[in-house]
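Peer 1: Test case, fold it:
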Amino acid sequence: MDNISLRPFVAEDAAWLVERHGTLYAEAEGFDTTFAPLVAEILDAFVAGHDPACERGWIAEHQGRRLGSIFCVRLDDGTAKLRLFLLAPEARGKGLGRRLLETCMDFARRAGYRDMQLWTHESHRAACALYAAAGWHLVDSKPVRSFGVDLIEQTWKITL
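Peer 2: Presented below is the predicted three-dimensional model:
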């Protein structure tokens with residue numbers, strides 16, 4: 001899969017992102033139908049009011065086909081939040097996740113953030129390994145019942 005481009009997220013990508021999150025998480029993790037509406041809510045808020053100077057989303061694309069996403073949003077004046085990091089199964093294991101993560105973190109640094117944080121689940125082992133390799137630290141972990149399944153929720157942070 002050569003020539004994968006990273007382009008800015010546009011509002012027309014939202015329906016695809018909601019569908020992909022809902023479908024992929026249902027297939028891989030057994031998430032119920034409450035997950036996709038959460039993704040839609042996050043994207044609706046981003047489209048309606050993000051500040052492009054300090055908040056941005058990217059879509060990974062190959063020959064017009066979307067393969068993944070990542071977003072940097074403002075948590076507070078000094079902290080960015082990584083959101084909606086997704087890779088289609090056929091795009092995994094090719095370095096694209098690292099490229100998306102580096103793009104997002106580089107943007108956060110340029111936007112003046114001192115720190116970043118993210119929320120994920122322990123079951124996302126490949127993503128968690130990627131975060132650790134990039135210098136992120138697991139700062140909280142707790143069992144929860146979310147999206148119809150039992151999960152271990154995690155919070156990761158990094159100083160930029």
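Peer 1: List the residues that contact the residue nearest to the spatial centre of the chain.
Peer 2: For the chain, the residue nearest the mean C-alpha position is Phe85 (1.9 Å; Cα atoms, centre = their mean). Taking Cβ atoms under 8 Å, 6 or more residues apart in numbering as the criterion, Phe85 is in contact with 68-71, 97, 100-101, 104, 118, 127. The C-beta positions use only the backbone N, C-alpha and C, and glycine is treated the same way.
Peer 1: For Cys128, see how far away Val10 is.
Peer 2: Shown here: Val10 relative to Cys128, a distance of 29 Å by Cβ to Cβ, to the nearest Å.
Peer 1: Look at the two and report which has more neighbours.
Peer 2: A side-by-side neighbour count of Val10 and Cys128, using other Cβ atoms under 10 Å, places Cys128 first with 17 against 10.
Peer 1: which SS class is the more buried one?
Peer 2: With DSSP: H, G, I helix; E, B strand; the rest coil as the basis, Cys128 sits in helix.
Peer 1: that older thread, counting only helices, which of the contacts of Phe85 make the cut?
Peer 2: 97, 100-101, 104, 127 (DSSP state H).
Peer 1: got a pLDDT number for the closest residue to Gly112 other than its chain neighbours?
Peer 2: Leaving out its chain neighbours, the residue that sits closest to Gly112 by Cβ to Cβ, 6 or more residues apart in numbering is Cys54, at 7.2 Å. Note for Cys54: predicted pLDDT of 97.
Peer 1: who touches Cys54 in this structure?
Peer 2: With contact taken as Cβ under 8 Å, 6+ apart, Cys54 is in contact with 74, 80, 111-113.
Peer 1: which residues in the chain form strands?
Peer 2: With DSSP state E, the ranges of strands along the chain come out as 5-8, 56-62, 65-76, 79-87, 115-121, 137-146, 149-159.
Peer 1: In TSV, list these along with distance to Ala14.
Peer 2: Output for these, formatted as TSV (distance: least, Cβ to Cβ, whole Å):
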stretch	distance to Ala14
strand 5-8	13
strand 56-62	10
strand 65-76	10
strand 79-87	10
strand 115-121	20
strand 137-146	22
strand 149-159	25
